[in-house]
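S.K.: Have a look; sequence and predicted model below, questions after that.
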Amino acid sequence: MSRRTRRPRPAPATPASCPCGLPSAYADCCGRLHRGQGRATTAEQLMRSRYSAFAVGDEAYLLRSWHPTTRPPGIGLDPGLRWVRLEILGTTEGSAFHTTGTVEFRAHYIQGGQAGSLHENSRFVRHEGAWVYLDAVTED
């Protein structure tokens, strides 16, 4: 009787241009943050880097950049979901001189051949000197 073994999935290809939408190479933009070669200096930069992490499947970065009080134990990225475009709709505070900030965005994706989008207003805070994602602001 032969045993079937599961082959490991290949890692997603590293994109040439950065998924975050800025006119830069991924390696020089969000890729350096994902590799730990720098930190986001603004809440918007962290938001863009987190979107790019979703786009390239970097769950470790997503967890590292999540506030410890709201961070889940895992994310379970969906391999059938492809993130295709990010729109930054607005920001409040979140500069290098602030300790809190929000970023409103719309992230576009394709899943099962169908286009969709996620609209969120995310809150970011500084934790141990670094910007981290806290949670989503919800309307009452």
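M.R.: Nice, thanks for sending it over.
S.K.: what's near enough to touch the spatially closest residue to residue 48 that is not a sequence neighbour?
M.R.: Here the nearest residue to residue 48 in space, its sequence neighbours aside, is residue 20; by C-beta to C-beta, 6 or more residues apart in numbering that works out to 3.6 Å. To be clear about C-beta, it is placed using only N, CA and C from the backbone, and glycine gets the same treatment. With contacts defined as C-beta atoms under 8 Å, 6 or more residues apart in numbering, residue 20 is in contact with 29, 30, 48, 49, 51, 52, 86.
S.K.: out of the residues you listed, who's nearest residue 66?
M.R.: The shortest distance between residue 66 and any of these, using C-beta to C-beta, involves residue 49 and amounts to 12.2 Å.
S.K.: Would you check how far apart the closest one and residue 111 are?
M.R.: Counting by C-beta to C-beta, to the nearest Å, the gap between residue 49 and residue 111 amounts to 22 Å.
S.K.: These two - which one has more neighbours?
M.R.: In terms of neighbours (other C-beta atoms under 10 Å), residue 49 is the more surrounded of residue 49 and residue 111; the figures are 26 against 12.
S.K.: Could you look up the SS state of the more buried one?
M.R.: The three-state label given to residue 49 by DSSP: H, G, I helix; E, B strand; the rest coil is helix.
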